[in-house]
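Visitor: structure for this input, please:
(one chain, ligands or ions: 2)
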Amino acid sequence: MDLTADRGELVALVGASGAGKTLLAHAVLGMLPPNAEESGDIRVDGEPLDPPARRARAGRGIALLPQSVTFLDPVTPVGRQLRRSAALAGRPDPRAAAATALTDRGLSPEVAGRYPHELSGGMVRRVLTAMAMMGSPDLVLADEPTPGLPAEAVRAVLHDLRRIADDGRAVVLITHDLPAALEVADRVVICHDGRTIDEVRPADFTGNGEALSHPYTRALWLALPANGFHLPEDS
Ligand SMILES: Nc1ncnc2c1ncn2[C@@H]1O[C@H](COP(=O)(O)OP(=O)(O)OP(=O)(O)O)[C@@H](O)[C@H]1O
Ligand code: NI
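Guide: Numbers count the residues shown, from 1 in each chain. Ligands and ions are numbered 1, 2, ... in the order given. Below is the predicted model:
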């Protein structure tokens with residue numbers, strides 16, 4: 001895997017299920033299982049991300065927007081969970097930080113009193129985003145933030161991530177959803193079988209994929225319903 005994200009940039013990491021997208025995000029966060037064998041080089045601001053550097057940045061410099069909503073505690077009101085994140089992120093006034101985090105993500109203050117099951121899928125996503133942003137991270141890894149959401153909520157999530165990047169942070173959007181990625185990404189990195197195989201500018205996804213040099217990338221593009229559902233010939 002080879003991927004770079006700069007401040008102010010939204011990079012989409014696109015690939016089929018099992019390609020290794022979540023593992024890459026977990027490797028950056030230091031969340032791989034204890035017996036995982038790792039090789040390679042992960043750097044932030046040019047500095048190797050070794051265990052002490054990772055501990056220093058966890059929840060602050062780097063934040064994960066998790067793939068699974070089970071990261072929320074089902075038996076604790078959302079407001080209390082936000083206050084806990086604020087405290088962990090070292091915010092001096094967790095109560096105020098939690099309240100601001102809700103309104104920053106377009107949620108009303110009364111959401112604080114609700115349990116996760118009392119929220120819509122789109123609202124849960126916003127709460128997770130509010131938590132991830134609590135430590136004002138430089139790098140946000142959003143792992144599949146849109147599946148299962150209605151089109152309007154998908155657009156809201158993407159717009160929110162774009163805004164986070166425009167605020168000067170680096171955002172990596174992990175997704176299967178190529179059309180969604182193309183709406184907001186500055187660059188699209190394609191991965192397949194545990195490797196990044198191509199990096200493409202969104203504008204190159206056009207027509208019959210004449211501008212796409214990698215056959216797998218072109219196959220992904222042509223497999224979209226709008227492009228005729230041509231089945232990818234797997235390499
Ligand atoms: N703990 C583990 N031990 C061994 N193999 C694993 C482990 N976790 C994941 N894998 C394997 O690594 C590969 C990549 O998994 P990963 O979850 O990163 O895929 P993904 O690209 O995020 O897929 P999806 O789009 O379905 O979320 C898969 O083949 C998976 O079976
Ligand atoms: Ni995944």
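Visitor: now stretch 8-27: buried residues?
Guide: Of the residues in stretch 8-27, 9-16, 19-22, 24-27 count as buried by neighbour count, 16 or more other CB atoms under 10 Å. Just so you know, the C-beta spots here come from the backbone N, C-alpha and C atoms, and that holds for glycine as well.
Visitor: quick check: the farthest pair among the residues you listed?
Guide: The most widely separated members of these, counting by CB to CB, are 9 and 16 (23.9 Å).
Visitor: now for the closest residue to ligand 2 within the chain: which residues touch it?
Guide: Nearest to ligand 2, among the residues of the chain, is residue 22, at 3.1 Å (CB to the ion). Applying CB atoms under 8 Å, 6 or more residues apart in numbering, we find residue 22 in contact with 67, 143, 144, 174.
Visitor: buried among these? Need that as a selection in ChimeraX.
Guide: Listed next is the ChimeraX selection for buried residues among the contacts of residue 22, using 16+ other CB under 10 Å:
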select :67,143,144,174
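Visitor: for the residue lying closest to residue 41 once chain neighbours are set aside, phi and psi?
Guide: Leaving aside its sequence neighbours, residue 41 sits nearest to residue 48 (CB to CB, 6 or more residues apart in numbering; 6.9 Å). Main-chain dihedrals, residue 48, degrees, to the nearest 10: phi -60, psi 140.
Visitor: quick one on the thing from earlier: the contacts of residue 22 also near ligand 1: which ones?
Guide: residue 144 (CB under 6 Å from any ligand atom).
Visitor: identify the farthest-apart pair in the contacts of residue 22.
Guide: The span of the contacts of residue 22, defined through CB to CB, is set by 67 and 174 at 7.7 Å.
Visitor: residues shared between the contacts of the two?
Guide: Common neighbours of residue 67 and residue 174 (CB under 8 Å, 6+ apart) are 22, 143, 144.
Visitor: so which of the buried residues of stretch 8-27 sit within strands?
Guide: 10, 11, 12, 13, 14, 15 (DSSP state E).
Visitor: hang on, residue 182 packs against residue 202?
Guide: Yes: assessed by CB atoms under 8 Å, residue 182 is found in contact with residue 202 at 4.7 Å.
Visitor: overlap of the contact sets of the two?
Guide: Common contact partners of residue 182 and residue 202 (CB under 8 Å, 6+ apart): residue 188.
Visitor: looking at the two, which is more packed in?
Guide: Higher neighbour count among residue 182 and residue 202: residue 182, with 20 against 16, using other CB atoms under 10 Å.
Visitor: about what we covered before: contacts with ligand 1 among the buried residues of stretch 8-27, please.
Guide: Filtering the buried residues of stretch 8-27 for neighbours of ligand 1 using CB under 6 Å from any ligand atom leaves 15, 19, 20, 21, 22.
Visitor: picking up where we left off before, which of the ones in strands among the buried residues of stretch 8-27 has the weakest pLDDT?
Guide: Lowest pLDDT of these: residue 15, 93.
Visitor: what about the residue lying closest to it once chain neighbours are set aside, which SS state?
Guide: Spatial nearest neighbour of residue 15, chain neighbours left out: residue 191 (3.8 Å); criterion: CB to CB, 6+ apart. Secondary structure, DSSP: H, G, I helix; E, B strand; the rest coil: residue 191 is strand.
Visitor: which helix or strand in the chain has the lowest average pLDDT?
Guide: One helix or strand of the chain scores below all others by mean pLDDT, DSSP states H and E: helix 51-57, with a mean of 80.
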